[in-house]
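1. using only what follows, build the 3D model:
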Amino acid sequence: MTIGLLLIALLVILVGAESFTNALEHLGERLKISEGVTGSIFAAVGTALPETMVPMVAILSTAATQQVREEVSVGAILGAPLMLSTLTLFLMAAAAIHKRGWSDGFHPERSGMKRDLSWFLLAFGLGTVAIFVPHQVVWVRGLLALSLVLVYFIYLMLTIRASARLVADGHGTKAEEPLFLVRLLGRIGVTENMFTVLMQLGIGLTLIIVGAHGFVQGVGQLALWIGISPLALALLIVPVATELPEKVNSILWIRRRKDTLAFGNVTGAMVFQGSLLPALGILLTPWEPRPEVIAGLTLTIVASAYLLLMLRRGPLRPVHLFFNGFCYLAYLLIVLL
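-> Numbers count the residues shown, from 1 in each chain. Take a look at the predicted model:
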């Protein structure tokens, strides 16, 4: 019953996320937004929504005990940046090697990728500092949470400002597939317009919220069943189950040599996940230094800083991202052994 609930909840989440992402691509095309902005903002936010909704629903709902809900929230908030900066990048490298060979380097839009990683490290560093601030010092924790929101706002402004130049250089967004609503209902006269795009966005968001509620219940039951803390389970299972399937987009884009979209989808999601969600965690959860949390924070920062260093040194090659895979393996060993 528990496994069935989790699988159904995940299916609902993923259907909702796929619908949302598809609508976002069409929105980006209509608004004449660059690939970099679509990857780092639109696609990143859309594919990060399952991870976003799980902690929000866990905090605000009554689906389980308060301790379970808080631990699921913290695990979901910290697990996504960890997975994106480690396992996802490693899988992208493996896909590139299989399709493009060992010697073929990556060619993302470098300024945008450097911007994403730099702002992520700033935001995630502030979130890490907040873990060590006592709960009694409410004003400091509140100030750090506000700073994280401002960091993301400034990042958005800088990314959007760079869009016009990229579109002029031929990097405008093009939707890969027709709008799902038009594909399903086109025979009865439904056509693509701003209304149908926004309607599909709303449907996708609703499905994600419903699925996230069921997922919180399932994680709490599964943690009791296998004898592992909800925090550890959420750190390992939630991001892999809800984020990784959507990051298949990046793997497909890498195979098609659309490196800007592929990396932007990952690094843009990292900025989103590393700023707004930790702000939520600081304000509404016991944001405190537990061993699993410290290990996850440390390895995420190490993997992200390493990627930025490799990018600044010169051409980025698939073999460079093997280190990120080792970081994820190290975290698995720390948590499970």
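2. can you map out the helices along the stretch 1-150 of the chain?
-> Per DSSP state H, counting those that start in this stretch, the stretch 1-150 of the chain carries helices over the ranges 2-30, 35-37, 44-60, 66-83, 89-100, 110-131, 138-161.
3. columns distance to E177 on top of those helices, output as JSON lines?
-> Any C-beta I mention is one placed from the backbone N, CA and C, and that applies to glycine too. Below are the helices of the stretch 1-150 of the chain laid out as JSON lines (distance: least, Cβ to Cβ, whole Å):
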{"stretch": "helix 2-30", "distance to E177": "6"}
{"stretch": "helix 35-37", "distance to E177": "16"}
{"stretch": "helix 44-60", "distance to E177": "14"}
{"stretch": "helix 66-83", "distance to E177": "25"}
{"stretch": "helix 89-100", "distance to E177": "20"}
{"stretch": "helix 110-131", "distance to E177": "24"}
{"stretch": "helix 138-161", "distance to E177": "24"}
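4. mind putting those helices into a markdown table with mean pLDDT, mean neighbour count and distance to F272?
-> Below are the helices of the stretch 1-150 of the chain laid out as a markdown table (pLDDT from 0 to 100; neighbours: other Cβ atoms under 10 Å; distance: least, Cβ to Cβ, whole Å):
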| stretch | mean pLDDT | mean neighbour count | distance to F272 |
| --- | --- | --- | --- |
| helix 2-30 | 75 | 20 | 13 |
| helix 35-37 | 60 | 27 | 13 |
| helix 44-60 | 67 | 25 | 5 |
| helix 66-83 | 77 | 27 | 9 |
| helix 89-100 | 88 | 19 | 16 |
| helix 110-131 | 92 | 21 | 9 |
| helix 138-161 | 88 | 16 | 7 |
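5. among the ones you listed, which is nearest P178?
-> helix 2-30 (8.5 Å; Cβ to Cβ).
6. chain center to the closest one, what's the gap?
-> 13 Å (Cα atoms, centre = their mean, to the nearest Å).
7. same question for stretch 268-283.
-> Going by Cα atoms, centre = their mean, where stretch 268-283 is centred and where its chain is centred differ by 10 Å.
8. just the CA trace of it, in CSV.
-> The C-alpha trace of stretch 268-283 is given here as CSV (Å, rounded to 0.1, in the frame of the first residue of the first chain):
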residue,chain,number,x,y,z
GLY,A,268,19.2,27.5,-13.2
ALA,A,269,17.4,24.9,-11.1
MET,A,270,20.3,25.0,-8.7
VAL,A,271,19.9,28.7,-8.2
PHE,A,272,16.2,28.4,-7.7
GLN,A,273,16.6,25.5,-5.3
GLY,A,274,19.5,27.0,-3.5
SER,A,275,17.9,30.4,-2.7
LEU,A,276,14.1,30.4,-2.4
LEU,A,277,13.7,27.0,-0.8
PRO,A,278,16.4,27.4,1.9
ALA,A,279,14.7,30.7,2.7
LEU,A,280,11.5,28.7,3.4
GLY,A,281,13.4,26.2,5.4
ILE,A,282,15.1,28.9,7.6
LEU,A,283,11.7,30.4,8.4
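9. can you get me a residue count around the residue lying closest to G16 once chain neighbours are set aside?
-> In space, and not counting its chain neighbours, G16 is closest to L207: 2.9 Å by Cβ to Cβ, 6 or more residues apart in numbering. Neighbour count of L207, defined by other Cβ atoms under 10 Å: 22.
10. which ones are touching L207?
-> By Cβ atoms under 8 Å, 6 or more residues apart in numbering, L207 lies in contact with V12, I13, V15, G16, S19.
11. ok, it to V15 distance?
-> Per Cβ to Cβ, to the nearest Å, L207 is found 6 Å from V15.
12. and for A95?
-> For A95, the distance to V15 - Cβ to Cβ - is 24 Å.
13. before we move on, back to that, let me know the pLDDT of the residue nearest to G16.
-> With respect to pLDDT, L207 scores 82.
14. and it, what helix or strand is that in?
-> helix 194-226 (DSSP states H and E).
15. out of the helices of the stretch 1-150 of the chain, the one nearest L201 is which?
-> Using Cβ to Cβ, those put helix 2-30 closest to L201, at 4.6 Å.
16. coming back round to it: what is the nearest of the contacts of L207 to L297?
-> I13 (25.1 Å).
17. could you count how many residues lie near the nearest residue in space to the closest one that is not next to it in sequence?
-> Using Cβ to Cβ, 6+ apart and skipping residues adjacent in sequence, the residue nearest I13 is G211, 3.6 Å away. Applying other Cβ under 10 Å, we find 25 residues neighbouring G211.
18. thanks again, I'm all set now.
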